[in-house]
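Undergrad: next comes the sequence, and after it the predicted model I'd like to discuss.
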Amino acid sequence: MADEVQEMEMTLRNKYGMHVRPAGLFAKIASRHSSAITVTKDGNSVSGKSIMALLTLEAVCGSVLTVRAEGPDAEAALQDLAALVERKFDLPDEQ
Amino acid sequence: MDGEERFEGVGVSPGVAMAPAFVYRSAELRLPRRTLGAPGEAEGEWSRLRDARDSTARDIRRTLVALDLETSGGEGGILEAHLMALEDELFIKELRDEIFKMGRNAEWAVSEVASRYAAKLRSSGNELLAERAGDIDDVARRLLQSLMGVDSTPQFSFEGRRIVVAGNLSPSETLALPRDRVVGVALDRGGATSHAALLVRAIGIPAVFGLGNFSSRVRSGDEVALDGNGGVAILSPGAGETGRLRSMEAERGNLVEMARRRAAEPAVTPDGVEVAFLANVENEGDVAGIAASGGAGVGLFRTEYLWLAEGRPVAEERQAEIYTAMARELGDRPFAIRAFDLGGDKFHGSASVGEHEANPFLGLRSIRFLLRNENFFKTQIRAVLRAGAATGRRLDFTIPMVSDMSEIVKTRELIRETADSFARHGVECIEPRLGIMVEVPAAAVSAAAFARHCDYFSIGTNDLAQYTLAVDRCSESVATLYQPLHPAVLRLVRGTVEAACAASIGVSVCGEMAADPLSAIVLLGLGVRTFSMAPAAIPLVKETVRRVPHSEAARVVQIIEGAATAAQVRHFARGVLARFAPEILRQC
């Protein structure tokens, strides 16, 4: 079975941007999927499963991330991640 | 009054505190910087760094578990992120490169890599993102402290009750506040949404942040007053300005003091119903202080802490030593050992427990995990039997998260088998009483049937509420729905108590709910006669029991029949407390 490749743009809406805690939540959800996940911003691409790599994107509220998933559960991965970003990472002080 | 100075800030946690200040400053770490030369030196540094990383991760896991058990908030989340950072492959690779490619010693490597990340966030040109760069510093600091053998616990070295005053507190520093002695927190920086604020609210002490240069104006020992509602800190408060605060403070102090003085006395309601108090403990050392707090024994020994402290399974021999020493110290007082309660989200990152599960709270945890890993479970059963044989007393052995009758039956079989094999080797065992945690709704609903197969019930209200309400108590987004006083939860408690009474077996409540005076009234009314809680909470709850007639508390049974919301139950309990112990209510 061929792996799917999917890509989606996500806009960060939480107040403080991609700091340690949201990065951790993003990496945690990404790691639950077997697909390889890459996040790109301004030409800089990093692994979506690494909390530290995500920090290097310097993404702030309003930044647009291109998230690419490659693997058997690519679609589910993107949906879960988009939902997380959409919910502002469920962080109560960043809504 | 002369010398009084007011500082306006943001009240981030309500309440009033008046006490001498303790001015806290993070210890300066003097980092050794060395270029590596000798062959094999890099390997040595790398291995030091890995050890430091492992021990830091263990510390964090331990704290995470403590939080899970102690609070219903989601403040463990930031620590979980710290843990992920420590275990991040990219981070580890960069540290490795600093050592092997740049030839730098471990401390230098950590500070170099961490400052690169922090600098990125700080230079992002976005103030909000920059504000959160402190987390990286916090992780680096933990690692460095571990590397340098500096006690990684922040030093809050003071006696008596103090208000902690600081420039800022990192999450780990906030978590390390000695909760029995800190009565308030005043910070120069930070706001209502900072990590420190979330944590302080969870601890439940008044706090005012954003006070400008307060910490540089205060010296340790200076009198400070905090009004967490008004967002004001007062240095050297005068009588006129703070009379009201002082009288409230005094009332609190008197109440606590009086409750402590009477801690060892029995707790009997005015209409003659006696309630027994036991202690929840996490390690061997906790046993010594139980009697002074008013605990008649141990109602819950959370043995998973042994695993956490070591970061791996604890050998049978070591377990037997610990259980025996504790049983000896307790003499003939109750001693309930709870089987390893592993799994759920408590062991994030620990490869030894379970496969990855989408719903760990509904997965292979607690007794399910133990019965799946029988050999491991048997080390604990053998250790408990050995402690019983060594001390010649009957112990209590509680199994967590029982949902199916077979789990009780199977555990009983394992105990019998093990006891038989001991007997064949000439060791006579006293089999422990076997109890179950009632914390899954199925166990509460089937309590009458389960009661025929076990010797006692221990109601775990944290999980019972979580599973009954289908609310993850660690999730901030649904935190307001986590209500242990929900009538649905209380009906299950009531049913469990009735089933235990009908079967003439013991029943206690050991969730954190018992430690809150308002909830304790409700539990008393529902027929609970044994409470187990953190030792520090015992005196005030005992005092509550002494004030409130059982007949009044028992009206809760009618209330929950008709009530639909936790708020109604709370309203009832507040009303009872207002009539019989208004000064305790003011502290709730």
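TA: Sure thing, it's come through.
Undergrad: the closest residue to B:Ala514 other than its chain neighbours: how many residues sit nearby?
TA: Setting aside the residues directly before and after it, B:Ala514 is nearest to B:Phe531 in space (CB to CB, 6 or more residues apart in numbering or on different chains), at 4.2 Å. For the C-beta atoms, the positions are set from N, CA and C on the backbone; glycine is no exception. Neighbour count for B:Phe531, taken as other CB atoms under 10 Å in any protein chain shown: 29.
Undergrad: do B:Phe277 as well
TA: Using other CB under 10 Å, B:Phe277 has 27 other residues around it.
Undergrad: looks to me like it is in a helix.
TA: No. B:Phe277: not assigned to a helix; according to DSSP: H, G, I helix; E, B strand; the rest coil it is strand.
Undergrad: across the sheet, point out what pairs with it.
TA: Beta-bridge partners recorded for B:Phe277 (DSSP bridges): B:Phe531.
Undergrad: mean confidence for the lengthiest helix in chain B?
TA: Ordering each helix of chain B by length in residues (DSSP state H) puts helix B:41-70 first. For helix B:41-70, the per-residue pLDDT values average out at 82.
Undergrad: what of stretch B:160-174?
TA: Computed over stretch B:160-174, the mean pLDDT rounds to 87.
Undergrad: at the contact with chain B, which residues of chain A appear?
TA: A:15-21, A:23-25, A:27-28, A:32, A:47, A:50-53, A:55-56, A:58, A:60-61, A:87, A:90-94 (CB under 8 Å from any CB of the partner chain).
Undergrad: rewinding a little: following the longest helix of chain B, which helix or strand shows up next?
TA: Using DSSP states H and E, the helix or strand that directly follows helix B:41-70 along the chain is helix B:76-86.
Undergrad: tell me the angle that next one makes with helix B:41-70.
TA: 160 degrees (axes from the mean of the first three to the mean of the last three CA atoms, to 10 degrees).
Undergrad: gap between the helix or strand following helix B:76-86 and the chain center?
TA: Next along the chain after helix B:76-86, taking DSSP H and E as the criterion, comes helix B:89-100. The chain centre lies 34 Å from the centre of helix B:89-100; the measure is CA atoms, centre = their mean, to the nearest Å.
Undergrad: does the following helix or strand past helix B:89-100 reach chain A?
TA: Where DSSP H and E defines the elements, the next helix or strand beyond helix B:89-100 is helix B:106-122. Yes. Shown here: helix B:106-122 in contact with chain A (CB under 8 Å from any CB) through B:Tyr117, B:Lys120, B:Leu121.
Undergrad: out of those residues, flag the one nearest to B:Ala106.
TA: B:Tyr117 (17.1 Å; CB to CB).
Undergrad: is it correct that that closest one is in contact with A:Met52?
TA: Yes. Counting by CB atoms under 8 Å, B:Tyr117 touches A:Met52, with 6.6 Å between them.
Undergrad: quick one, which of those two is more surrounded?
TA: It is A:Met52, of B:Tyr117 and A:Met52, that has more neighbours when counted by other CB under 10 Å, with 26 against 22.
Undergrad: about what we covered before: among the residues of chain A next to chain B, the buried ones, what's the ChimeraX command?
TA: The buried residues among the residues of chain A next to chain B can be selected in ChimeraX (16 or more other CB atoms under 10 Å in any protein chain shown) with this line:
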select /A:15,16,17,18,19,20,21,23,24,25,27,28,47,50,51,52,53,55,56,58,60,61,90,91,93,94
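Undergrad: so which of the residues of chain A next to chain B are in strands?
TA: In strands, defined here by DSSP state E, the members of these are A:Ser47.
Undergrad: now the residues of helix B:106-122 next to chain A in TSV, with pLDDT?
TA: Written out in TSV, the entries for these read as follows (pLDDT from 0 to 100):
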residue	pLDDT
B:Tyr117	89
B:Lys120	84
B:Leu121	82
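Undergrad: let me know the closest of those to A:Ala83.
TA: Looking across those and measuring by CB to CB, the closest to A:Ala83 is B:Leu121, at 25.0 Å.
Undergrad: separation between the residue lying closest to B:Glu282 once chain neighbours are set aside and B:Asp341?
TA: Leaving aside its chain neighbours, B:Glu282 sits nearest to B:Tyr305 (4.4 Å; criterion: CB to CB, 6+ apart). As judged by CB to CB, to the nearest Å, B:Tyr305 and B:Asp341 stand 10 Å apart.
Undergrad: just B:Gly77 next, same as before
TA: Distance from B:Gly77 to B:Asp341, by CB to CB: 21 Å.
Undergrad: so for the two, which residue has more residues nearby?
TA: More neighbours surround B:Asp341 than the other of B:Gly77 and B:Asp341, with 28 against 23 (other CB under 10 Å).
Undergrad: quickly find the element holding the more buried one.
TA: B:Asp341 belongs to no helix or strand, assigned by DSSP H and E.
Undergrad: would you check that it makes contact with B:Pro400?
TA: Yes. With contact defined as CB under 8 Å, B:Asp341 and B:Pro400 form a contacting pair (4.3 Å).
Undergrad: any residues in contact with both of those two?
TA: The contact sets of B:Asp341 and B:Pro400 overlap at B:Ser366 (CB atoms under 8 Å, 6 or more residues apart in numbering or on different chains).
Undergrad: what about A:Gly62, neighbour count?
TA: 10.
Undergrad: how about the residues of the stretch 201-350 of chain B by chain A?
TA: Residues of the stretch 201-350 of chain B lying close to chain A (CB under 8 Å from any CB): none.
Undergrad: please, where are all the strands along the stretch 201-350 of chain B?
TA: Ranges of strands within the stretch 201-350 of chain B are B:207-209, B:223-227, B:232-235, B:267-268, B:274-281, B:298-302, B:335-338, based on DSSP state E, counting those that start in this stretch.
Undergrad: pull up the pairing partners for the last one, direction included.
TA: Strands adjacent to strand B:335-338 in the sheet, as given by DSSP bridges, are strand B:298-302 (parallel), strand B:396-399 (parallel).
Undergrad: tell me the mean pLDDT for it?
TA: Mean predicted confidence for strand B:335-338 is 98.
Undergrad: pull out the buried positions in that strand.
TA: Using 16+ other CB under 10 Å as the test for burial, strand B:335-338 gives B:Phe335, B:Ala336, B:Ile337, B:Arg338.
Undergrad: between those residues, which sits nearest chain A?
TA: Nearest to chain A among the buried residues of strand B:335-338: B:Arg338, at 28.7 Å, using CB to the nearest CB.
Undergrad: ok, the closest residue to the closest one other than its chain neighbours - contacts?
TA: Among residues not flanking B:Arg338 along the chain, B:Thr398 sits closest, at 4.4 Å (CB to CB, 6+ apart). Contacts here follow CB under 8 Å, 6+ apart; on that basis B:Thr398 touches B:Leu300, B:Ala336, B:Ile337, B:Arg338, B:Ala339, B:Gly435, B:Ile436, B:Met437, B:Tyr456, B:Ser458.
Undergrad: got it, and B:Gly294?
TA: B:Ala263, B:Ala264, B:Glu265, B:Ala267, B:Phe277, B:Pro535, B:Ile538, B:Pro539, B:Lys542.
Undergrad: ditto for B:Gly210
TA: For B:Gly210, the contacting residues are B:Gly9, B:Val10, B:Leu187, B:Asp188, B:Arg189, B:Gly190, B:Gly191, by CB under 8 Å, 6+ apart.
Undergrad: for it, give me phi and psi.
TA: Here is the backbone geometry of B:Gly210 (degrees, to the nearest 10): phi 70, psi 40.
Undergrad: quick check: it vs chain A, distance?
TA: Counting by CB to the nearest CB, to the nearest Å, the gap between B:Gly210 and chain A amounts to 15 Å.
Undergrad: make TSV from the strands paired with strand B:335-338 and add distance to B:Ala500 and mean pLDDT to it.
TA: Below are these laid out as TSV (distance: least, CB to CB, whole Å; pLDDT from 0 to 100):
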stretch	distance to B:Ala500	mean pLDDT
strand B:298-302	15	95
strand B:396-399	14	98
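Undergrad: farthest-separated two in the contacts of B:Gly294?
TA: B:Glu265 and B:Pro535 (15.7 Å).
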